[in-house]
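Student: Build me a model from this:
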Amino acid sequence: QVRNKYDTQIVRIDGVQYEIGSENNTNSFRGYCGRKFNIKLSNGDIIETTNLWHNGDMKKAAIYARVSTTDQDCAMQLSELRRYAEAQGFHITKEREYIDTGFSGSTANRPALKRCMADALKRRFDILLVWKLDRWGRTVAQLSADIMTLDSAGVRFICPSQGIDTDQSNSMSRLLINIL
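Tutor: This next block holds a predicted model:
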């Protein structure tokens with residue numbers, strides 16, 4: 001049994017009450033899987049733990065990053081997208097990070113891009129994060145075709161640095177899809 005109490009969670013397991021809060025107690029429990037938690041027992045004892053659990057509504061997200069030359073790296077794109085995902089409560093694993101290094105955006109023939117689209121069609125993730133549209137592709141035809149494919153597969157496309165989000169519950173995102 002779980003109920004919110006401001007920025008903590010009260011959990012009762014087998015009649016024992018646990019108060020769970022993040023290490024900085026600034027946000028609710030949602031999205032903090034993998035961070036340190038303090039569990040305050042009803043007798044006042046405090047237990048520190050990590051990787052407790054998440055509340056089941058974390059969305060599985062994927063990241064796509066690309067650089068055009070092999071002497072560049074995607075570190076900035078990846079760190080910004082990971083930070084955004086954490087802030088939104090999205091769950092990302094290394095298997096859902098698709099990185100193309102040394103590939104032009106003018107071609108759709110990129111290994112990580114192909115794997116990403118194949119996994120999207122298999123619904124291995126709910127949300128795809130891309131730092132900028134030009135990291136995904138440079139042609140309007142490819143971009144619109146891919147976004148329509150993702151949309152029909154039920155995968156949300158988010159480009160946080162440019163304010164693009166194809167969330168199906170958002171009327172502005174529906175307009176964007178129609179414009180594309």
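
Student: partners of the host helix or strand of I63, with directions?
Tutor: Counting by DSSP states H and E, the element that carries I63 is strand 61-67. If you go by DSSP bridges, strand 61-67 pairs up with strand 97-101 (parallel), strand 127-130 (parallel).

Student: Can you pull out the residues in contact with the last one?
Tutor: When contacts are defined by CB atoms under 8 Å, 6 or more residues apart in numbering, strand 127-130 is touched by residues 59-65, 81, 84-85, 90, 116, 120, 136, 150, 155-160. In short, each C-beta sits where N, CA and C put it, glycine included.

Student: Repeat that for stretch 68-81.
Tutor: With CB under 8 Å, 6+ apart as the test, stretch 68-81 has contacts from 63, 65-67, 97, 99, 101-105, 129-131, 135, 160-161.

Student: mind redoing it with 10 Å?
Tutor: By CB atoms under 10 Å, 6 or more residues apart in numbering, the residues outside stretch 68-81 that reach it are 61-67, 90, 92, 97, 99-106, 129-132, 134-135, 158-161.

Student: Got a quick PyMOL command for the buried subset of those residues?
Tutor: Only the buried entries of these go into this PyMOL selection, using 16 or more other CB atoms under 10 Å:
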select buried, resi 61+62+63+64+65+66+67+90+92+97+99+100+101+103+105+129+130+131+135+158+159+160
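
Student: And the strands in this structure, which stretches?
Tutor: 2-5, 8-13, 16-22, 36-41, 46-50, 61-67, 97-101, 127-130, 156-159, 164-165 (DSSP state E).

Student: Check those strands for me: which has the lowest mean pLDDT.
Tutor: With a mean of 40, strand 2-5 has the lowest mean pLDDT of the strands of the chain.

Student: remind me which residues of the chain are low pLDDT?
Tutor: 1-57, 177, 180 (pLDDT under 70).

Student: And the helices in it?
Tutor: 75-88, 111-121, 133-136, 140-152, 171-179 (DSSP state H).
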